[in-house]
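Engineer: Okay, sequence plus prediction incoming.
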Amino acid sequence: MKGNLVLGFLVLITTCLYSQTLKQSYKFASDIELSISSDTAPWRYQVGAAAYSMVGLYKASLITIDREGGGARSIKGEDSVLIQNFEKIPAKPYIIEQAKNSKITIINEAHHNPMHRVFTHSLLQDLYNNGYRYLGLEALDDEEINKRKFPTEESGY
């Protein structure tokens, strides 16, 4: 019993010390808003929206990206006539079917919207089943990931 208590204490102390050495890249909402309001770069809302999404504040992320001024665009003229006959279809089966005839499939995502990454993740097994074996990620910068077989916080953004 005493040995288990000492072992548990050592594990706890080691964990606490190790966890305090990790660099914390996540911010509080007030810090994110301060960064946005003090930044003068035109992409400040994109950076702020991505920061909100990383801490789970998805609604704040969407509101912040809208502050950039993009918003919904209206479709005008011949483009509106062109799309009148379009039919909505589920994206996943369409992408998987199209990928069977391609050597590469590229998926774009908005950094502020984690659902884009969730959707991409949902494609991976089917793409693998179609023969895809390589995955490239924009913000991955880790030469050791293939040896280690998993990402770390330092692997990229």
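Structural biologist: Right, received. Where do you want to start?

Engineer: Report the next helix or strand after the helix or strand bottoming out on mean pLDDT in the chain in sequence order.
Structural biologist: None of the helices or strands of the chain scores lower by mean pLDDT, DSSP states H and E than helix 2-21, at a mean of 49. Next along the chain after helix 2-21, taking DSSP states H and E as the criterion, comes helix 29-38.

Engineer: Buried residues, that following helix. List them.
Structural biologist: I32, E33, I36 (16 or more other Cβ atoms under 10 Å). Any C-beta I mention is one placed from the backbone N, CA and C, and that applies to glycine too.

Engineer: same check, this time on stretch 87-98
Structural biologist: Buried, per 16+ other Cβ under 10 Å, within stretch 87-98: I95, I96.

Engineer: contacts for it?
Structural biologist: If you take Cβ atoms under 8 Å, 6 or more residues apart in numbering as the criterion, stretch 87-98 is touched by T105, I107, F119, S122, L123, D126, L127, N130.

Engineer: any chance you could map the helices in this structure?
Structural biologist: Counting by DSSP state H, residue ranges of the helices within the chain are 2-21, 29-38, 44-54, 58-66, 77-83, 91-99, 114-129, 145-148.

Engineer: tell me the most buried of the ones you listed?
Structural biologist: Of all the helices of the chain, helix 44-54 carries the top mean neighbour count, a mean of 21, counting by mean count of other Cβ atoms under 10 Å.
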